[in-house]
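Chemist: below are the sequence and a predicted model; questions follow.
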Amino acid sequence: MPHKSITVSGVEVTPLCDAVGPMGAAIRRPPATMFAGSALPDEPWVLHFHCYLIRDAAGRLTLVDTGIGAADSPAASWAPVPGTLTGELAAAGVEPAEVTTVILTHLHSDHASGTVADGRPAFENARYVLQRAELDAANGRMLDEVVTTIKGQLHVVEGDAEVAPGVHVHAAPGHTPGHQIARVGEVAMTGDLILHPVQLADPGIRYLYDDDQEAAARTRTEVLDRLRAEHAVLATAHFSEPFLRL
Ligand SMILES: [Zn+2]
């Protein structure tokens, strides 16, 4: 079932839990290794995989991230289970064809594999919003199977942009070169800007799978400072709670 939604200035934001589970053995490391400088105990890190559905006052639908995808998706080698996004959308009363904007925070396989289904765009009527730097860095199966499939529907942006009425994206590089976050009013959907709650207390704690750990820590610190000053609502991909008031 979808988590409880929140409404900000007439815009409803609903977290969709695509999956829950530990990382697959292929890339799993002790938490204190994945988060260098933390004192996390050596217990499995159980991740949630959240996408977010935005429904504005006019009923327009924007989706932030598309999750793990099917059992044969590029995420299958390490994700705990296939994604359940389509079922989550159905539970929220939404057909994929009704979604008109899809924001991809970045092209990692647990955030963008649900972009395609059976070799076709899963959201046939949507524009897919991606930062130029992320597109330029695309490679492997995410390029061959995902980006290539949605080529005709790409909406490429650079830096900050309003991509649907009241929905903004902001570049937040480091985890990947063109990582971006999405904002609706006081809600910030942050993708993999911050992976684990331990980084809330210390944004300088590095994450093993950040492409550029230095840049990621800098971006995380800057963005969290700003969000804290606003008492914004943090909506992460991988925390167990989808919303956290700062
Ligand atoms: Zn992720």
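Modeler: Looks like it arrived, so ask away.
Chemist: list phi and psi for the most centrally placed residue in the chain.
Modeler: For the chain, the residue nearest the mean C-alpha position is residue 191 (3.4 Å; CA atoms, centre = their mean). Per-residue torsions, residue 191: phi 50, psi -130 (degrees, to the nearest 10).
Chemist: and if you look at residue 239?
Modeler: In terms of degrees, to the nearest 10, the main-chain angles of residue 239 are phi -70, psi 160.
Chemist: close to the ion, is the lengthiest strand in the chain?
Modeler: The residue-count maximum for a strand in the chain (DSSP state E) belongs to strand 11-22. No - contact of strand 11-22 with the ion (CB under 5 Å from the ion) is absent, the minimum separation being 10.5 Å. Just so you know, the C-beta spots here come from the backbone N, C-alpha and C atoms, and that holds for glycine as well.
Chemist: packing partners of the helix or strand following that strand?
Modeler: Heading C-terminal from strand 11-22, the first helix or strand you meet, by DSSP states H and E, is helix 31-34. Judged by 3 or more CB pairs under 8 Å, 6 or more residues apart in numbering; DSSP states H and E, helix 31-34 has no packing partners among the helices and strands.
Chemist: ok, back up a step: so what's the residue nearest to the centre of the chain up against?
Modeler: 64-65, 105-106, 111, 172, 175, 179-182, 236-237 (CB atoms under 8 Å, 6 or more residues apart in numbering).
Chemist: of these, which belong to helices?
Modeler: Using DSSP state H, the subset of the contacts of residue 191 located in helices is residue 111.
Chemist: got a PyMOL select line for the buried ones in the contacts of residue 191?
Modeler: Per 16 or more other CB atoms under 10 Å, the buried members of the contacts of residue 191 correspond to this PyMOL selection:
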select buried, resi 64+65+105+106+111+172+175+179+180+181+182+236+237
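Chemist: quick check: of the contacts of residue 191, which lies closest to residue 198?
Modeler: residue 236 (12.6 Å; CB to CB).
Chemist: pretty sure the closest one sits against residue 188.
Modeler: No - Residue 236 is beyond contact range of residue 188, at 9.1 Å (criterion: CB atoms under 8 Å).
Chemist: intersection of neighbour lists for the two?
Modeler: Contacts common to residue 236 and residue 188, judged by CB under 8 Å, 6+ apart, are absent.
Chemist: what parts of the protein come near the ion?
Modeler: 110, 192.
Chemist: where do the helices sit along this protein?
Modeler: Using DSSP H, the helices of the chain run over 31-34, 85-91, 109-112, 132-137, 140-141, 198-201, 213-230.
Chemist: let me know which of the ones you listed is tucked in deepest.
Modeler: Mean neighbour count (mean count of other CB atoms under 10 Å) peaks for helix 109-112 among the helices of the chain, with a mean of 27.
Chemist: what does it rub up against?
Modeler: 49, 65-69, 73-75, 78-79, 104-106, 141-142, 146, 191-192, 237.
Chemist: which of those count as buried?
Modeler: In those, burial by neighbour count holds for 49, 65-69, 73-75, 79, 104-106, 142, 146, 191-192, 237, counting by 16+ other CB under 10 Å.
Chemist: rewinding a little: among the contacts of residue 191, which ones are in strands?
Modeler: With strands taken from DSSP E, the overlap with the contacts of residue 191 comprises 64, 180, 181, 182.
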